[in-house]
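A.B. asks: how would this look folded up:
(4 chains)
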2 protein chains.
Amino acid sequence: MPNLDKFDIAILKVLQEDARATNVEIAERVNLSPSPCLRRIRNLEKSGVLRGYRADIDRKEVGLGLTVFVEIKVGRHSRENAMAQQEALLAVPEVVSCFLISGNADFLAEVVVEDLSAYERLLTETLLTMPGVTDIRSNFAIRSIKTGGPLKLPTL
Amino acid sequence: MPNLDKFDIAILKVLQEDARATNVEIAERVNLSPSPCLRRIRNLEKSGVLRGYRADIDRKEVGLGLTVFVEIKVGRHSRENAMAQQEALLAVPEVVSCFLISGNADFLAEVVVEDLSAYERLLTETLLTMPGVTDIRSNFAIRSIKTGGPLKLPTL
DNA sequence: CATATTCGCGAATAATCCTCGGCATTTTTG
DNA sequence: CAAAAATGCCGAGGATTATTCGCGAATATG
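C.D. replies: Residues are numbered from 1 along each chain as shown, chains lettered A, B, ... in the order given. Model prediction:
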């Protein structure tokens, strides 16, 4: 369904750098006139390629100084209830991203909290109390090197 | 330095949901008139709290179907050269986010590529050839549950 | 080859927005 | 307590923008 061409990719690249760029601005940088440019953007939005526009906020500056990568294992019986697990994890606001992964763990969740005590609270009161969870390993981020970097879009 | 109050947080919350919201729109949702609202936004930008605005692009829709969490270990000798390692990882466009973490590994990098063969190429040609790297473990994302979720901003 | 569809361009319209002072109010400072 | 700083509101000018329409070219379709 979503067959992207050269222009679409170019638009996405601009929007990935500055999501607040105006339509005419984008059109210029993509060598397109405003009208078809806007039409493409709307199409990208409706087709689901563009899921939205987010402000990139510095975690530390807003008091969220601790990032933890949490490996979560669930019991065999609850593997079928994976759906429920996902919903539960999705609902946790401290979870910034989450994947079902291969390897030792089942889930890998990126958690962003204020500090260690806040994480302890989240761990004991929320994560560990989730049904089916058998083991949790926490990997603390010591230093952030890159977050929310741009995708390497294909060069058409 | 950055002392955020109730309004700033509210603004950030709006911008986190829709980074393309217009200033008057934000002002309304924050119960502020446009002028001070814009002033605050500019301040947030200049103080570094707001690092930018990014389009949220669906990875799969642009042909990036594989996400891998790569645990990278570096030799003891190169621990001092950690800076160089960071720069190197930062420069890899496939690396969407990267942290120096505690635990078994040294770095945890989130890599987004087209498919398995693309990852193999990246692994053998880029990651494994980085000086100082002693071991790499790849955790493949089977299913994406949440990516780039909003930060849980403090409720002032 | 003819038709239909897609796609980009250009212009005009109408709406929206950003910016800028001036003034009042609150909070901080000495 | 008084002065100063910060902060918000209001209003208007001026610019920019988003959006729509028809036209023409290129491409796909049969």
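A.B. asks: ok, for residue A:38, nearest residue in space, not its chain neighbours?
C.D. replies: Nearest residue to residue A:38, sequence neighbours excluded (C-beta to C-beta, 6 or more residues apart in numbering or on different chains): residue A:23, at 5.0 Å. C-beta here means a position set from N, CA and C on the backbone, and glycine is covered the same way.
A.B. asks: Can you get me a residue count around the one you found?
C.D. replies: 13 (other C-beta atoms under 10 Å in any protein chain shown).
A.B. asks: Does it touch residue A:34 like I think?
C.D. replies: Yes: counting by C-beta atoms under 8 Å, residue A:23 does reach residue A:34; the two are 5.6 Å apart.
A.B. asks: Who are the packing partners of the host helix or strand of residue A:35?
C.D. replies: For residue A:35, the enclosing helix or strand under DSSP states H and E is helix A:34-46. With contacts taken as 3 or more C-beta pairs under 8 Å, 6 or more residues apart in numbering or on different chains; DSSP states H and E, helix A:34-46 sits against helix A:6-17, helix A:23-30.
A.B. asks: Please identify the deepest-packed of those helices.
C.D. replies: helix A:6-17 (a mean of 19; mean count of other C-beta atoms under 10 Å in any protein chain shown).
A.B. asks: Give me the residue at the spatial middle of chain A.
C.D. replies: residue A:97 (4.8 Å; C-alpha atoms, centre = their mean).
A.B. asks: what mean pLDDT does the helix holding residue A:35 have?
C.D. replies: Average pLDDT, helix A:34-46: 94.
A.B. asks: Just the CA atoms of the helix or strand just after that helix, as CSV, please.
C.D. replies: Remark: after helix A:34-46, the chain's next helix or strand is strand A:50-57, criterion DSSP H and E. What follows is strand A:50-57, C-alpha atoms only, in CSV (Å, rounded to 0.1, in the frame of the first residue of the first chain):
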residue,chain,number,x,y,z
LEU,A,50,3.8,9.5,9.7
ARG,A,51,2.5,8.5,13.1
GLY,A,52,2.8,12.0,14.6
TYR,A,53,5.1,14.7,15.6
ARG,A,54,6.9,14.7,18.9
ALA,A,55,8.9,17.2,20.8
ASP,A,56,12.4,16.0,21.7
ILE,A,57,12.8,16.7,25.4
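A.B. asks: now check the helix or strand that contains residue A:100, is it near chain B?
C.D. replies: Element membership of residue A:100 [criterion: DSSP H and E] is strand A:95-101. Yes: applying C-beta under 8 Å from any C-beta of the partner chain, one finds strand A:95-101 touching chain B at A:95-101.
A.B. asks: before we move on, back to that, the helix holding residue A:35: which residues count as buried?
C.D. replies: The neighbour-count check on helix A:34-46 (16 or more other C-beta atoms under 10 Å in any protein chain shown) flags A:37-38, A:40-41, A:44 as buried.
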